[in-house]
Structures are given as C-alpha cells and as structure tokens.
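Engineer: next input, structure requested:
(one chain, ligands or ions: 1)
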Amino acid sequence: MANYQAPRGTYDCSYEDAFRMEEIVDLLKSLARVYGYAPIYTPTFESTALFARSAGEDSDIVTKEMYNFTDKSGRDMCLRPEFTAGVMRAIVTEKLYATRDLPLKLYYFGSAFRYERPQAGRYREFRQFGIENVGVSSPYSDAETVLFGYHALELLGFSNVVLKINSIGDKESRDLYRSALREFFTDKIDGMCEDCRRRLELNPLRILDCKVKEDRAIISGAPKMGDYLNEKSKKYFQSVLSILDEEGIDYQVDPSLVRGLDYYSHTVFEFHCIGDSGANLGAICGGGHYDHLLEDVGGPELSSVGLAFGIERLNLLKENDDRLSELDVYAISMNEENTGEVFSLVQNLRLNGFRAEMTFGKKSLSSALKVALRKKARFALIVGEEEIQKDTVQVKNLSTHAQEEVNIGEIVDYLDREIGKEQEE
Ligand code: HAM
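Structural biologist: Numbers count the residues shown, from 1 in each chain. Got it, this is the predicted structure:
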C-alpha cells in the first residue's frame with residue numbers, strides 16, 4: 001500500500017486548529033473592514049519575473065526560496081512567495097489606481113510558498129493575511145498601518161507583543177548607507193559566507209539578512225541606517241513615531257531592522273510575540289512603506305504601505321486557548337422514535353443562527369453528553385417522551401451543569417438570552 005504524507009514543510013489542519021485559524025482570519029477581515037479596507041483576490045501563481053523584480057534579485061526569497069516552474073507553454077512561473085507584488089500587478093492590470101479613489105485600501109488572505117528549512121512556525125506553504133494602503137505618502141498612513149497591526153493583536157488577545165520599528169529612509173539615504181556598508185565590509189568579506197561575498201557588490205544591505213552565526217558577529221559592528229538618514233527621511237520617521245506616541249503605542253526602534261524584501265523605503269516594522277510556552281516563532285507580522293513598487297510593475301508612481309500576518313504563527317501562539325466552542329447546542333433525542341421532532345427543532349435553531357447539531361441513532365444519555373462536551377457545545381437539549389408530550393425540552397448548561405425545562409416555543413429567546421449573558425461575563 002502506498003503511504004502518502006503531506007509534503008515536507010506543509011501540514012494538514014482540521015477541527016480545533018482549523019476553527020482557531022478561521023476565528024483569527026474572521027477577526028482580521030472584520031477589523032480590516034472597520035479600517036476601510038476592501039477584499040482583493042489575486043492568483044496563487046504569477047510570472048517569476050514579477051517577484052524577482054519586486055522582492056529583489058538578490059533576496060533570499062528570490063535566490064533560494066521560490067517555487068518556480070515552467071508551464072506547458074514554456075512560461076517561467078512561480079507560486080507566490082508573498083502577496084504585495086501580486087496585488088500591485090492586479091492594481092495595474094485592472095487600472096484600479098485610475099478608476100477608484102485613492103488611497104486604495106485592500107486586504108487579502110491565502111497561501112504563500114517559500115522553500116525554507118521547515119521548523120517551528122516556518123512552513124513551505126503558509127497563510128498570510130495582509131493589508132495594502134496604496135496611493136498616499138503620509139506618516140499618518142504608515143502609523144495607521146502599524147496601529148491596525150497593534151489593534152488586531154490586541155483583539156486577538158496577545159499580550160507581550162513587541163513592536164520593532166525602523167526607518168530605511170529614502171533612496172538617497174539608502175545609497176549613502178550602501179556605500180558605508182561596502183566600505184565597512186570590504187576588508188572583512190573574505191572571511192564571510194559566499195552569499196555575503198556576492199551581495200557586497202550587488203546589494204550590501206542584504207548582507208544584514210545573513211543568518212550564518214560567524215557572519216552575524218561581524219554584522220553586529222556594521223554602521224547603522226539611522227546615522228545615514230537625510231533630513232527629509234529623519235523628519236518623516238519622527239512624524240510616524242510621534243503619531244504612535246500620541247496613540248499610546250509602545251515600540252522599540254531597532255536600527256538593525258531592514259526586512260528581507262527590497263521594495264521598502266522609510267518606515268519598516270515587525271511585531272514579535274513570545275508564546276505562553278516561551279516559544280519565539282520570529283515575527284508574527286511584518287510590513288512597511290514602499291515608494292516604487294507600483295511603478296516597477298508598470299503603474300504610476302504612488303507610495304504605499306502595508307503589512308502581512310503569518311497566520312500559522314498566530315495560530316501556534318494561541319494553541320493553548322481552549323475557549324473555542326464548536327457548537328451552541330447539541331440536541332439529544334432520548335429515543336429514536338422522536339428523531340423527527342428533534343430534527344425539526346435543530347433545523348429551527350439553525351434558521352435562527354445557532355450552531356446546532358444532534359444525535360442520530362441509539363445512544364445513552366451519558367455517552368451523548370460526552371459527545372456534547374467533546375464538541376464544547378454550550379448547551380445540551382435533552383428531549384425524551386415526557387418532553388414531547390409537554391412540548392418542552394430540558395436545557396442543560398454544559399459549563400454550570402444547571403438544567404431547566406423550557407417550552408419549545410420559547411427556546412430561541414431562552415438561548416438568545418443565555419448566550420448573551422455568557423458573552424457579557
Ligand atoms: P514577510 O515579513 O516576508 O513580509 O512575511 C510576513 C509574515 O509572514 C511574517 O512576519 C511571518 O509571520 C509570516 N511568514 C513568512 N514566512 C513564513 C514561513 N515560511 N512560514 C510561516 N510563516 C511565514 C511580506 O510578505 C510582505 N509582503 C509584507 C508586506 C505587506 N509589506 C508591505 N505590505
């Protein structure tokens with residue numbers, strides 16, 4: 001017999017894990033709407049050139065991590081390693097910049113693919129939820145994007161979130177910084193890894209991403225971006241920080257934060273969080289401001305800012321959260337002859353918006369109640385011969401164990417009231 005496994009770096013997700021994931025994504029989507037974002041769907045695969053151009057020909061993502069393939073007509077395609085470039089391509093293809101009011105505010109959710117070494121919180125297929133605010137260059141847009149990230153993590157119940165923020169300035173500042181890095185690394189580069197050696201000429205900024213331990217020690221002494229920002233870039237960054245101060249947001253300015261994608265300028269940021277178990281999964285969200293990406297993919301020159309959450313990382317950090325209930329109501333028919341009445345009752349509850357399920361077949365009350373508990377139902381509705389005669393049901397609250405007899409005609413109001421009470425607590 002063949003023994004099929006999920007491909008390395010991928011995973012199967014169902015029940016509690018998948019419910020939690022859906023809850024996270026639902027919350028992010030509704031918060032995005034609160035901030036005025038509209039949904040966008042883009043293809044899972046695009047031309048390789050789109051990402052090579054935007055993420056940076058010399059970034060790890062492009063040189064090592066892309067899932068490229070040649071399609072049956074000989075086109076060079078790849079699975080998207082991120083969404084931002086695809087969203088920009090869609091804005092140009094659909095001419096959204098000309099037909100909709102600016103800024104375009106778009107959110108998305110779906111799979112991204114990177115051929116990375118699998119480890120905790122790092123997969124080869126993973127999900128991102130992201131937002132892009134396209135068409136306005138303002139410290140307020142950058143700050144609003146950071147605030148969105150903060151707000152979302154707060155609503156998701158994350159404490160001990162650390163926001164790392166930095167400015168990589170405008171092009172002029174970065175050119176100056178690149179020269180300083182070149183100068184700093186020139187007499188050290190022979191002892192560094194092959195990637196660093198190649199990057200010295202192509203883009204010394206990417207040396208700062210190197211993960212080789214011995215190289216990290218050298219990199220820690222490198223010049224810092226903050227010392228090379230021109231006045232305009234400094235002023236812009238200060239404005240972003242003062243808006244965050246104004247809104248009472250804590251942050252750490254991290255001069256070594258440059259991000260692994262080439263398209264950024266000015267503000268870059270990441271959110272980190274240590275889980276209850278002490279697990280550090282790296283950044284749970286990353287983003288920043290970018291000025292030339294839309295133009296690079298054939299559109300007008302418009303500044304933008306965005307971020308993306310790693311959904312698996314959020315999900316792993318919430319692994320111990322067992323508050324999730326699969327059902328509001330689990331209805332138990334005490335004898336098979338009453339299946340029809342219980343079926344109608346359950347369907348009526350569903351039509352009234354309750355998540356409801358029922359027993360089928362012969363089951364003892366105790367084993368049916370165990371099923372209800374395993375499904376984390378809030379209430380069990382128990383229907384026996386006596387209840388059918390009286391047009392009532394026994395309603396058992398599965399957390400308090402309190403039981404009451406309720407008239408069938410009043411069950412919807414009763415559950416509404418009780419669930420409302422629970423949510424207030
Ligand atoms: P990124 O930092 O490459 O940014 O990815 C965003 C988030 O995706 C990361 O913070 C992390 O949580 C998650 N992530 C990345 N790689 C993996 C992986 N292999 N397995 C699991 N999770 C992962 C971007 O992708 C930018 N497009 C964000 C952005 C939007 N910038 C501006 N707009």
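
Engineer: where exactly do the strands run in the stretch 1-150 of the chain?
Structural biologist: Taking DSSP state E, counting those that start in this stretch, the strands of the stretch 1-150 of the chain run over residues 38-39, 45-47, 67-70, 76-79, 104-113, 125-134.

Engineer: highest mean neighbour count out of these?
Structural biologist: Highest mean neighbour count of those: strand 125-134, a mean of 23 (counted as mean count of other CB atoms under 10 Å). Every residue, glycine included, has its C-beta placed from N, CA and C.

Engineer: chain center to it, what's the gap?
Structural biologist: In terms of CA atoms, centre = their mean, to the nearest Å, the gap separating the centre of strand 125-134 from the centre of its chain is 7 Å.

Engineer: do the same with stretch 27-39
Structural biologist: 13 Å.

Engineer: sort out which residues of it are buried, please.
Structural biologist: Leu27, Leu28, Leu31, Ala32, Tyr35, Tyr37 (16 or more other CB atoms under 10 Å).

Engineer: with pLDDT and distance to the ligand added, can I get those residues in a markdown table?
Structural biologist: As requested, the buried residues of stretch 27-39 are exported to a markdown table (pLDDT from 0 to 100; distance: CB to the nearest ligand atom, whole Å):
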| residue | pLDDT | distance to the ligand |
| --- | --- | --- |
| Leu27 | 96 | 16 |
| Leu28 | 98 | 13 |
| Leu31 | 97 | 16 |
| Ala32 | 98 | 13 |
| Tyr35 | 98 | 14 |
| Tyr37 | 98 | 12 |
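
Engineer: which of these lies closest to Thr145?
Structural biologist: Tyr35 (9.0 Å; CB to CB).

Engineer: who touches that closest one in this structure?
Structural biologist: Listed by CB atoms under 8 Å, 6 or more residues apart in numbering, the contact partners of Tyr35 are Lys105, Ile131, Glu144, Phe148.

Engineer: make it 6 Å
Structural biologist: Phe148 (CB atoms under 6 Å, 6 or more residues apart in numbering).

Engineer: how about the residues of this structure by the ligand?
Structural biologist: 82-84, 114, 116, 121-123, 126, 128, 130, 132, 260-261, 283-288, 306-308, 310, 312-313 (CB under 6 Å from any ligand atom).

Engineer: again, 5 Å this time
Structural biologist: 82, 84, 114, 116, 122-123, 126, 130, 283-284, 286-287, 306, 308, 310, 312-313 (CB under 5 Å from any ligand atom).

Engineer: kindly export stretch 325-338 (C-alpha atoms) in PDB.
Structural biologist: These are the backbone C-alpha positions of stretch 325-338, laid out as PDB (Å, rounded to 0.1, in the frame of the first residue of the first chain):
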ATOM      1  CA  SER A 325     -16.800  26.100  21.200                       C
ATOM      2  CA  GLU A 326     -17.800  24.200  18.100                       C
ATOM      3  CA  LEU A 327     -21.500  24.300  18.800                       C
ATOM      4  CA  ASP A 328     -24.100  26.400  20.700                       C
ATOM      5  CA  VAL A 329     -26.400  23.500  21.000                       C
ATOM      6  CA  TYR A 330     -26.200  19.700  21.000                       C
ATOM      7  CA  ALA A 331     -29.700  18.100  20.900                       C
ATOM      8  CA  ILE A 332     -30.100  14.600  22.300                       C
ATOM      9  CA  SER A 333     -33.100  12.500  21.400                       C
ATOM     10  CA  MET A 334     -33.700  10.000  24.100                       C
ATOM     11  CA  ASN A 335     -35.500   7.600  21.800                       C
ATOM     12  CA  GLU A 336     -35.200   7.000  18.100                       C
ATOM     13  CA  GLU A 337     -38.900   7.500  17.500                       C
ATOM     14  CA  ASN A 338     -38.500  11.200  18.300                       C
END
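
Engineer: now it, how far from the centre of its chain.
Structural biologist: 36 Å.

Engineer: check contacts around whichever residue of the stretch 251-400 of the chain sits closest to the ligand.
Structural biologist: Of all residues in the stretch 251-400 of the chain, Gly310 sits closest to the ligand, at 2.2 Å by CB to the nearest ligand atom. By CB under 6 Å, 6+ apart, the contact set of Gly310 is Ile284.

Engineer: swap in the one 3 residues further on?
Structural biologist: With contacts defined as CB under 6 Å, 6+ apart, the neighbours of Arg313 are Gly121, Leu281, Ile284.

Engineer: in the protein, which helix or strand is least confident?
Structural biologist: Sorting the helices and strands of the chain by mean pLDDT, DSSP states H and E puts helix 60-63 at the bottom, at a mean of 84.

Engineer: tell me what that helix is packed against?
Structural biologist: helix 48-55 (3 or more CB pairs under 6 Å, 6 or more residues apart in numbering; DSSP states H and E).

Engineer: which parts of the helix it packs on are buried?
Structural biologist: Thr48, Leu50, Phe51, Ala52, Arg53, Ser54, Ala55.

Engineer: how many neighbours does Glu183 have?
Structural biologist: 11 (other CB atoms under 10 Å).

Engineer: again with Asn407
Structural biologist: 12.

Engineer: per-residue pLDDT, it?
Structural biologist: We have a pLDDT of 97 for Asn407.

Engineer: next one: Ser277
Structural biologist: For Ser277, the predicted pLDDT is 67.

Engineer: same question for stretch 218-237: list its buried residues.
Structural biologist: Ile218, Ile219, Ala222, Met225, Gly226, Tyr228, Leu229, Ser233, Tyr236, Phe237.

Engineer: for stretch 250-260, same thing?
Structural biologist: Buried-residue list, stretch 250-260, by 16+ other CB under 10 Å: Tyr251, Asp254, Leu257, Val258, Arg259, Gly260.

Engineer: of the residues you listed, closest to Met21?
Structural biologist: Distance to Met21, by CB to CB, is smallest for Gly260 among those, at 24.3 Å.

Engineer: what is the burial count for the residue lying closest to that closest one once chain neighbours are set aside?
Structural biologist: What sits nearest to Gly260 in space, not counting adjacent residues and going by CB to CB, 6 or more residues apart in numbering, is Asp209, at 5.3 Å. Neighbouring residues of Asp209 were enumerated by other CB under 10 Å; the total is 18.
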